[in-house]
Every structure is written in structure tokens, then in C-alpha cells.
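1. Sequence first, then the predicted structure, then my questions.
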Amino acid sequence: MSEEGIFVCYLGEENYYLDREEITMTSLEPTITQSSQTVNEHSQIQLFHEGLKDLLNLNQYLGEKKIEFLSIETPLPLWLKNFTQAIPVYAVGLHLRREYRHFAMGIRALKLKKCDALLIFEAYNQHLLLLLPLLALTGKEIFIMLHGNQQFAIHSQLKYWGLLYLKLYLKLFKRFKVILLELNDDILPTKVQLPSATKIIIPHPLRNDVFPRLKSGERLTENTSIKIGIVGMIRADKPIGKILEKLQKYLQHHSECELIIGTPFGQKPAYLDQINAQIYDTTKEQDYLQLLQQIDILVIHYDRDRYYYRTSGVISDAASCGCYIIASDYPLIKQQIHYPVTIGSTFTDFDELENLINNAIAHLKTHGQDYHWLWREKRNAESIASLLLPSL
């Protein structure tokens, strides 16, 4: 690329009910820890989802090129936090906090001089007004990651306007690029698709701090109980009622299996206490990952309107830990499970779960977690760097 470019990476709105600042500072604070210590210069960067932190290792594989990283996950000034929380209308305070975060990210970008490019981990369509011109002023290549933002723009006029604003900058500045996770956006309505020349597609990175429980070639021992798990925050876009119903019915006829549920206890629904399952608190990141490493089969369902064109952080974490994945059949999630090798299956109807679990158990007994080790090879920082390097 002869002209310096800008790459933009969106991960916005992982939880659309709560303000990220409040999530970060309360019950989920332990899950947002400092980034990988293997990259000392970026050890203070905080990410909303730790599963992306392997990208902080990109510079090890870019030769003489260097990327600096920006995230909106930064503590708010106490005066701003107090002021916005005192506003009676919650949505107004939330908007001001998010607007400040995006502006602060742009100001930080102007201070990063010794690099060739900037990678933006997350942003919201509706808060790009000040951020994009500040990024343009850096004169550097910009990567902006998109994570569901285009899908959100289908249902929100304000977010759609924000996406149009981004499109304008993509046309005006060849230095701007967007990073799409897993698949091209040509499966979305034309109005939210982005210019072809501005898109770079990468796989969702693996977690580099966890590994499958079984080594390559190792198999489950005879009479080992198969642990079937449901893990993650339980909220409206992650409904589990139907899954629980089907799994409980399955377990009645399969005594060799047991049900494991992991969720932050700060938001655990009371009805889970009535379920015949082992329930674990996954508020702390370490407990969350340790539980995933003990689970053999993860079953997860997402709301189509929120995840049709959006990757799953939980699926990436679970796959990195060696879980066989059974998940909703949406394009990006399906790609997560099937690229570069198949480590799970997808369903369109809950009645499919019984057969899919049977197939998963047969797969584990035959192949162990061998495919998970192969799955990691195309999802590490070294492999992803090869996709970005031609644009630097």
C-alpha cells in the first residue's frame, strides 16, 4: 500500500443493557485484567474481552512495521463519572460517558508518534463524530475492528447514521481500513455493507493463555463422565431456557453425562438453583477459564437479531480450552467452529441437540481434542499478522 492507511476494529456493545464503565468497575472487574505480559509496552491496555489480547503480540511478526493499540476501556475521571451518574435520565449519562471515552481515545491516538499504524479495538457507531477526524489527523494507517456494529445499524437509525459517517471516512481516506471478523459482510443488507477495498477479514483470535486439557493424541479414559456445559452471562440475547429443558431431558437417559453451569453469581437467575446441575461462579476470569477447561461439550444459543453477524467471545474462549462446541447456526459463529478445522456443530432447531450431543461424544472418544490443537494454528497472532502485513 503506497499511501498510509487507517485500520479500524469494532467490538462494540458486548452487553447492550449495561454501561461498560459500570460493568468494568463492579462485578466483572476481575474479568478485565491487564493484557498479555509478553508485550510489556502494552501491559497497561485493558480490553473488554480478554480473548482478543493475543493481537497485542502482532508486532512480533510484522518485521520493521509497528502497530500501536487503542481501547475505550479506560477509567473515567471521577468528576465525570459522578456528574453523569447524577443525571436522572440514565441514557443521557451513558451517552456522555461513551462520548468521552471515544474522544479520549482520539486524543491518545494523536500522542502515538513512533508507529506505522493504529489498531482500534472497539468503538460505537453513534460515537464516531469526534473520533474519526482525530484519527485522520494522525496521518497513520488505521485498523478499526467491527464486531456486530453493522448488524446493530440495521435496527437503529442512529447507529446507521454512524455507519454512514464511517463509510464517508473510508472513501475520503485510503489509510482507513476496517477489520471484519471471520466472514465478509456480503451476507448483510447492501445498505450496511462497507466498500470492498476497505475491508480486511481475519479469524477471531484464540486465547494464548489457555490450552486444551487433553494433549494431542490423548483420549478420554474409560468410564469418564462427559461434562456438558452452559457458560457465560445469562441475558436476553443469550437465552438458555430451551437448552436447559433439552439438556435435562437428555441427562435423564444418559447417566454417563453431567450438566455444568457457569455464570457470574452477581447476575445469576434464581431459577438456576432449582436445576439439577453443578453451578459455578465465573465472576473471576481464572475461575471462568478453569471451568471451561473441565467441560467436554459446550452448548450455547444466541438471539439471531444480535448474533447473526457477530462472533462469540465465549465460543472462542471455550474452543481455546478444548471444548467441543454446539451453537446456534449463524454465519460467523459457524465459521468460528469450522475454520480451519471442525471443532463442533451448529443447530437451527433445539430438537437437533440430542443427536448433536451423541455425535460430540463419539467425536471426543475417537479424536479427543486433537482438532482443537489444529484449530489454533490459524488463529494466533503470527497467522493474523500475515493477513495484515500486506496493508501496512
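-> Arrived safely, thanks for sending.

2. Okay, domains of this protein per the record?
-> Domain assignment for the chain, taken from automatic domain parsing, gives 6-202, 226-376.

3. Out of those, flag the one nearest Leu214.
-> Minimum separation from Leu214 across the domains of the chain (C-beta to C-beta) falls at domain 226-376, 4.4 Å. C-beta here means a position set from N, CA and C on the backbone, and glycine is covered the same way.

4. Quick one: end-to-end distance for the closest one.
-> Length of domain 226-376, first residue to last, C-alpha to C-alpha, to the nearest Å: 23 Å.

5. For it, give the mean pLDDT please.
-> Averaged across domain 226-376, the pLDDT comes to 93.

6. what does stretch 198-205 give?
-> pLDDT averaged over stretch 198-205 gives 97.

7. again with stretch 78-97
-> 95.

8. how far does it sit from the chain's center?
-> 27 Å (C-alpha atoms, centre = their mean, to the nearest Å).

9. Okay, buried residues for it please.
-> Residues of stretch 78-97 classed as buried by neighbour count (16 or more other C-beta atoms under 10 Å): Lys81, Thr84, Gly93, Leu94, His95, Arg97.

10. Out of the domains of the chain, which gets nearest to Pro212?
-> Comparing the domains of the chain under C-beta to C-beta, the one sitting nearest is domain 226-376, at 2.8 Å.

11. related to what we said a few turns ago, what is the nearest of the buried residues of stretch 78-97 to Leu220?
-> Closest to Leu220, out of all of the buried residues of stretch 78-97 and judged by C-beta to C-beta, is Leu94, at 46.8 Å.

12. So that closest one: helix, strand or coil?
-> The three-state label given to Leu94 by DSSP: H, G, I helix; E, B strand; the rest coil is helix.

13. Show me where the stretch 251-392 of the chain has its helices.
-> 285-294, 304-307, 313-321, 331-338, 353-367, 370-375, 381-388 (DSSP state H, counting those that start in this stretch).

14. At the geometric centre of the protein, which residue sits there?
-> Note on the chain: the residue nearest the mean C-alpha position is Gly313, at 3.5 Å, using C-alpha atoms, centre = their mean.

15. Grab the nearest non-local neighbour of it.
-> Leaving out its chain neighbours, the residue that sits closest to Gly313 by C-beta to C-beta, 6 or more residues apart in numbering is His49, at 4.5 Å.

16. Could I get the pLDDT score of the one you found?
-> Looking at His49, its pLDDT is 77.

17. Same question for Asp19.
-> Note for Asp19: predicted pLDDT of 43.

18. next one: Tyr61
-> Listed pLDDT for Tyr61 reads 96.

19. Next: the one 4 residues further on.
-> What the model reports as pLDDT for Lys65 is 94.

20. Then Glu3?
-> pLDDT at Glu3 comes out at 35.

21. buried sites along stretch 116-131?
-> Buried, per 16+ other C-beta under 10 Å, within stretch 116-131: 117-128, 130-131.

22. can you give me the strands for the stretch 1-150 of the chain?
-> 6-9, 67-70, 117-120, 141-146 (DSSP state E, counting those that start in this stretch).

23. Extract the C-alpha trace of the longest one and format it as CSV.
-> Looking back up the chat, that one is strand 141-146. In CSV, the C-alpha atoms belonging to strand 141-146 read as follows (Å, rounded to 0.1, in the frame of the first residue of the first chain):
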residue,chain,number,x,y,z
GLU,A,141,-2.8,3.7,8.9
ILE,A,142,-5.8,2.9,11.0
PHE,A,143,-7.4,-0.5,11.6
ILE,A,144,-10.9,-0.4,13.0
MET,A,145,-12.4,-3.8,14.2
LEU,A,146,-16.1,-4.3,13.6
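
24. Now find how far off-centre it is within its chain.
-> On the basis of C-alpha atoms, centre = their mean, strand 141-146 sits 16 Å off its chain's mean C-alpha point.

25. For that strand, give the mean pLDDT please.
-> Here the average pLDDT along strand 141-146 is 95.

26. helices and strands around that strand, which ones?
-> Under the contact criterion of 3 or more C-beta pairs under 8 Å, 6 or more residues apart in numbering; DSSP states H and E, strand 141-146 touches strand 6-9, strand 117-120, strand 176-181.

27. How about the second one?
-> Strand 67-70 is packed against helix 90-111, strand 117-120, with contacts defined by 3+ C-beta pairs under 8 Å, 6+ apart.

28. and Leu272, which of those is closest to it?
-> Nearest to Leu272 among these is helix 90-111; the distance by C-beta to C-beta comes to 27.3 Å.

29. Tell me the gap between the closest one and the middle of its chain.
-> With C-alpha atoms, centre = their mean, you get 21 Å for helix 90-111.

30. for it, packing partners?
-> Packed next to helix 90-111, using 3+ C-beta pairs under 8 Å, 6+ apart, are helix 20-25, strand 67-70, helix 78-85, helix 131-137.

31. relative to helix 90-111, how tilted is the longest one?
-> For helix 78-85 and helix 90-111, the angle between their directions (axes from the mean of the first three to the mean of the last three C-alpha atoms, to 10 degrees) works out to 150 degrees.

32. Residues contacting helix 78-85, please?
-> Here helix 78-85 makes contact (C-beta atoms under 8 Å, 6 or more residues apart in numbering) with Glu21, Val92, Gly93, Leu94, Leu96, Arg97, Tyr100.

33. Mind picking the two most distant members of the residues you listed?
-> Farthest pair in the contacts of helix 78-85, by C-beta to C-beta: Glu21 and Val92, 14.4 Å.

34. about what we covered before: tabulate the helices and strands packed on helix 90-111 in JSON lines, adding columns for distance to Cys257.
-> As requested, the helices and strands packed on helix 90-111 are exported to JSON lines (distance: least, C-beta to C-beta, whole Å):
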{"stretch": "helix 20-25", "distance to Cys257": "33"}
{"stretch": "strand 67-70", "distance to Cys257": "42"}
{"stretch": "helix 78-85", "distance to Cys257": "46"}
{"stretch": "helix 131-137", "distance to Cys257": "48"}
